[in-house]
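Asker: kindly return the folded structure for what I paste below:
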Amino acid sequence: MDGNGGCFPSFIQSSKPYIAMISLQFGYAGMNIITKVSLNRGMSHYVLVVYRHAFATAAIAPFALVLERKIRPKITYPVFMQLFVLGLLGPVIDQNFYYAGLKFTSPTFSCAMSNMLPAMTFVMAVLCRMEKLEMKKVRCQAKLIGTIVTVAGAMLMTLYKGNIISFPWSTHSNNTNNASSATNNEDKDWLKGSILLILATFAWASFFIIQAVTQKRYQAPLSLTAIVCFLGTLQSIAVTFVMEHKPAAWTIGWDMNLLAAAYAGIVSSSLAYYIQGLVMQKTGPVFVTAFSPLMMIVVAVMGSFILAEKIYLGGVLGAVLIVMGLYSVLWGKYKEYKEKEAESFKIPQAIKGTTATTGDITAGLQDIEIQKSTQPNPKE
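Answerer: Next up is the predicted model:
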């Protein structure tokens, strides 16, 4: 009874990282849709980044001040530089480039391009020796093949369209928005948007790697998130003053622009940074980024509802490949977790063996000699 009773709590505990990361993908998907609407209405992506991280700082800072007042470590100069770089990579470089690429393309296309994130993070983690690439082991082969298949699925969604798949909820909305969709497609610079999205993905992968290193030195996840958001706000303000020369660009009212900034700041920045940090401590950066392909599938479905985006056959086939690649990566991570868990059980036994007394060792040697003397000699 005790063994059976302990299975369910153990299952819930082991499922928390998966539930957290899947929930984050739905949060990111909502951010993509709302932000796209706001950018289409003329909001500057530089100003959006500033307001987003101002909301994020205001949301997470009170919890950090209260809950971590006794455990918050001192900020040394190396830690501050890492926090400064995190603020530069995440809030400034990643999000400005991503929003600019989103403005030039579409939410589904942007999510498809960002699915290079697992591959970039995996390669960077191997180069930084955070992930061991042992190709003789099946789990490493599964992670590598899964990453390649995931990227292939994302590229298939981008390069191959195929026939339009009609859904009951999108039949009427497609007819009413054909003219506006054609006009918007003429104004999109897909090449420029693709380059910006690739740079944003590289910055995002670098953010995950440095965040994993910083958490080992600064073990206060709420405070770390609040500081990164605050530094990102200051850096974004400096960038916006340089790039935006119209004071009217800073104007924001009770409209979609305010919703986009508040939603992105509270959900996609403060909560996301904190949850990702907690999951990363247990699983590593590759596990966190492996869930990003799910966001594209959610955005494709939500886009067909809200933005009347057309779903193509290539998108469905690419989504199937992404799910297969994602399962392969997670299977490899699961096997790696089981190996580490098995090694952790062996270590106490080895330590216990080294603490044996001289008498125990002598008695053991005597037992071996007795066993040898009682065994028959094969030469007889």
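Asker: now for residue 7, how many residues are close by?
Answerer: 9 (other C-beta atoms under 10 Å). (Each C-beta comes from the backbone N, C-alpha and C, glycine too.)
Asker: how near is it to residue 204?
Answerer: Relative to residue 204, residue 7 is positioned 37 Å away (C-beta to C-beta, to the nearest Å).
Asker: give me the residue at the spatial middle of this structure.
Answerer: Closest residue to the average C-alpha location of the chain: residue 289 at 3.5 Å, with C-alpha atoms, centre = their mean.
Asker: now that residue: phi and psi?
Answerer: phi -80, psi -20 (degrees, to the nearest 10).
Asker: same question for residue 253.
Answerer: Main-chain torsions, residue 253, degrees, to the nearest 10: phi -130, psi -160.
Asker: and residue 306, by the same measure?
Answerer: Per degrees, to the nearest 10, the backbone of residue 306 is at phi -90, psi -50.
Asker: quick check: it touching residue 33?
Answerer: Yes. Residue 306 lies in contact with residue 33 (C-beta atoms under 8 Å); the separation is 5.5 Å.
Asker: give me the more crowded residue out of the two.
Answerer: Remark: of residue 306 and residue 33, residue 33 carries more neighbours, 20 against 15, as counted by other C-beta under 10 Å.
Asker: could you check which helix or strand contains the more buried one?
Answerer: Assigned by DSSP states H and E, residue 33 falls within helix 7-40.
Asker: let me see the residues that make contact with stretch 10-23.
Answerer: When contacts are defined by C-beta atoms under 8 Å, 6 or more residues apart in numbering, stretch 10-23 is touched by residues 275, 278, 279, 282, 283, 287, 288, 291, 294.
Asker: skipping adjacent residues, who's closest to the first one in space?
Answerer: Computed as C-beta to C-beta, 6 or more residues apart in numbering, the closest residue to residue 275 that is not its neighbour in sequence is residue 20, at 5.2 Å.
Asker: the one you found and residue 61: what is the separation?
Answerer: From residue 20 over to residue 61 the distance is 22 Å, taken as C-beta to C-beta.
Asker: next one: residue 44
Answerer: Using C-beta to C-beta, one gets 25 Å for the distance from residue 44 to residue 61.
Asker: residue 144: what's it in contact with?
Answerer: Here residue 144 is in contact with 122, 133, 135 (criterion: C-beta under 8 Å, 6+ apart).
Asker: now do the SS call for the spatially closest residue to the last one that is not a sequence neighbour.
Answerer: Distances taken as C-beta to C-beta, 6+ apart put residue 141 closest to residue 135, at 6.3 Å, once the chain neighbours are dropped. Look at residue 141: counting by DSSP: H, G, I helix; E, B strand; the rest coil, its state is helix.
Asker: the stretch 251-380 of the chain: helices as residue ranges?
Answerer: Secondary structure of the stretch 251-380 of the chain (DSSP state H, counting those that start in this stretch): helices at 256-263, 272-283, 285-289, 292-306, 313-354, 358-374.
Asker: now do the fourth one, average pLDDT.
Answerer: Rounded to a whole number, the mean pLDDT of helix 292-306 is 78.
Asker: that helix vs helix 313-354, what angle?
Answerer: Helix 292-306 runs at 150 degrees relative to helix 313-354, counting by axes from the mean of the first three to the mean of the last three C-alpha atoms, to 10 degrees.
Asker: identify all contacting residues around helix 292-306.
Answerer: Residues contacting helix 292-306 (C-beta under 8 Å, 6+ apart): 22, 25-26, 28-30, 32-33, 37, 106-108, 111-112, 114-115, 117-118, 150, 153-154, 157, 167, 169-170, 309-311, 315, 319, 322-323, 325-326.
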